[in-house]
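Q: this is a predicted model, with the sequence first.
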Amino acid sequence: MALDTIIDFNKVSITQADNLVLSDVTFSVKKGEFLYLIGKVGSGKTSLIKTMNAQLDVKEGEAIVSGFDLKTLKRKEVPGLRRKLGIVFQDFQLLSDRNVYDNLLFVLKATGWKNKKEMDDRIVDVLNRVGLVFKGYKMPHQISGGEQQRVVIARSLLNDPEIILADEPTGNLDPDTSEEILKLLMEISHSGRAVIMATHNYTLLKKYTSRTLKCEKGKVTEVDHTAEIDFTSLMME
């Protein structure tokens, strides 16, 4: 495995509830790389993401994520792996009973931070990174969907992860806001973090091309961007 490779899958079987979802999955991702993950609903995109963050076990093949061997990973090692990962959800999953600042503070405390000034500095830093440094006092319902997703991205950056896993992060957003979120995630990849974004937004994918993996018929293949891509065959069923 090359020194700059942060994710390396070799002939991995992806299973959920003993059902084979994807077989012979082989790909690698380098530090700072931005990668799209596409495919129809039920094609295995989310299962692949859940495998990368150890929600699903690896029983066949070899899978290394941020230095952790997923096949031999012990339960006590899972929190260490997940501190290397930032997760961005489609449905935000913000705590509705506390403001933006306290949503982020909750995560820092839950992951072992103790020093009040260090926590405050880190929250200001990530909110500044996503353009929301003056919105920390707002409740989630007081800000737009795009701003909520920016908070989620800020949350994913709190523990300085090496990898961002974004599962349909623009799925609930309007076209202009979706484009802003994509640009932000691409900018994050330029800082040296690998970003994997599962998406159905093929308008954005065509406008902002990047390396793309396709889940289809139980396999994961790389999309050839020099050829004409039939996006209609990949749309939601």
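A: The structure has been received and is ready for your questions.

Q: surely residue 114 forms part of a strand?
A: No - if the criterion is DSSP: H, G, I helix; E, B strand; the rest coil, then residue 114 is coil and not within a strand.

Q: pLDDT value on the most centrally placed residue in the chain, please?
A: Nearest to the mean C-alpha position of the chain, by C-alpha atoms, centre = their mean, lies residue 165 at 1.3 Å. Residue 165 carries a pLDDT value of 96.

Q: now do the same contact list for it.
A: Residue 165 makes contact with 49, 52, 53, 85, 86, 87, 88, 196, according to C-beta atoms under 8 Å, 6 or more residues apart in numbering. Backbone N, C-alpha and C define where each C-beta goes, glycine included.

Q: now the residues you listed in JSON lines, please, with extra columns for secondary structure, pLDDT and neighbour count.
A: Below are those laid out as JSON lines (DSSP: H, G, I helix; E, B strand; the rest coil; pLDDT from 0 to 100; neighbours: other C-beta atoms under 10 Å):
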{"residue": "49", "secondary structure": "helix", "pLDDT": "95", "neighbour count": "21"}
{"residue": "52", "secondary structure": "helix", "pLDDT": "96", "neighbour count": "24"}
{"residue": "53", "secondary structure": "coil", "pLDDT": "93", "neighbour count": "18"}
{"residue": "85", "secondary structure": "strand", "pLDDT": "95", "neighbour count": "22"}
{"residue": "86", "secondary structure": "strand", "pLDDT": "94", "neighbour count": "25"}
{"residue": "87", "secondary structure": "strand", "pLDDT": "92", "neighbour count": "18"}
{"residue": "88", "secondary structure": "strand", "pLDDT": "92", "neighbour count": "25"}
{"residue": "196", "secondary structure": "strand", "pLDDT": "97", "neighbour count": "24"}
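
Q: would the residue nearest to the centre of the chain count as being in a helix?
A: No - under three-state DSSP, residue 165 falls outside any helix and is assigned strand.

Q: can you name the residues bridging to residue 25?
A: In this entry, residue 25 is beta-bridged to residue 12, by DSSP bridges.
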